[in-house]
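Novice: My questions concern the predicted model and sequence given below.
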Amino acid sequence: MIAHSQATVRTNDATTDVARMRRVVVVGTYGAGKSTLAAELGRLLQIPVHHLDALRWDDGWKLRPQDEWEALLERLVAEDAWIADGNFERTLPVRLDRADTIVLLDAPLPRSFWRTVRRRLSRAERPDLAPGLEEKLNLALVRLFVRYRREVRPQLRELVRSHATGRQVIVLRRPNDVRTFLATVRSQLS
């Protein structure tokens, strides 16, 4: 369990060291608000934000070639300051190795599922997706959430735990946690 590791683990409290936040990884439940949080953190910290969904997918939901994807990530993490949102578990260690702060949005699945369905029904354009990509409401979405609970979440939590030493780890579970965390960031910046 992340919260009980010996590493510095901050769960949305005033001990979060905003001055250390130069290379931030935001991961977690699908539909939990990773991209929204990353964008707001980028605005507050004045750090470039990289939405990995927009970088990973080409037109028509075709994956960018793996070698191109890995080279792009290597360039991204070599920068002095960045925020990267998105799971992509296979390449997550590359980001975690270089990060100074890890934010895990561990929202309850029903809330995240509802947010995702609502977003897809609204057909709102997502700034965190490449132009021309349209999300659909289908059985694949349900499978994605089932897979998340069984496979992805345990894998994410283990990757975060194994990279926690020497990094700030901030676990946010509820919308109020996110609001309080952002308020903490704002207060330390003023």
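Specialist: Sure, I can see it.
Novice: in the protein, which ranges drop under the pLDDT threshold?
Specialist: Scanning the chain for pLDDT under 70 picks out the ranges 1-15, 59-61, 119-138.
Novice: which residues in it form strands?
Specialist: According to DSSP state E, the chain carries its strands in the segments 9-10, 23-28, 49-51, 57-58, 62-63, 82-85, 101-105, 168-172.
Novice: got a list of what Val178 touches?
Specialist: Residues near Val178 by C-beta atoms under 8 Å, 6 or more residues apart in numbering: Gly33, Leu37, Leu105, Leu172. Heads up, the C-betas are built off the backbone N, CA and C, glycines and all.
Novice: Closest one of those to Ala78?
Specialist: Checking those against Ala78 by C-beta to C-beta gives Leu37 as the nearest, at 23.5 Å.
Novice: Now do the same contact list for that closest one.
Specialist: Val26, Asp85, Val103, Leu105, Leu172, Val178, Leu182.
Novice: roughly how far apart are it and Asp58?
Specialist: 25 Å (C-beta to C-beta, to the nearest Å).
Novice: likewise Arg143?
Specialist: Distance of Arg143 to Asp58, given as C-beta to C-beta: 22 Å.
Novice: and the two? which has more neighbours close in?
Specialist: Taking neighbours as other C-beta atoms under 10 Å, Arg143 and Asp58 compare with Asp58 leading, 14 against 10.
Novice: Does the more buried one touch Arg64 like I think?
Specialist: Yes: Asp58 lies in contact with Arg64 (C-beta atoms under 8 Å); the separation is 5.6 Å.
Novice: Nothing else from me, thank you.
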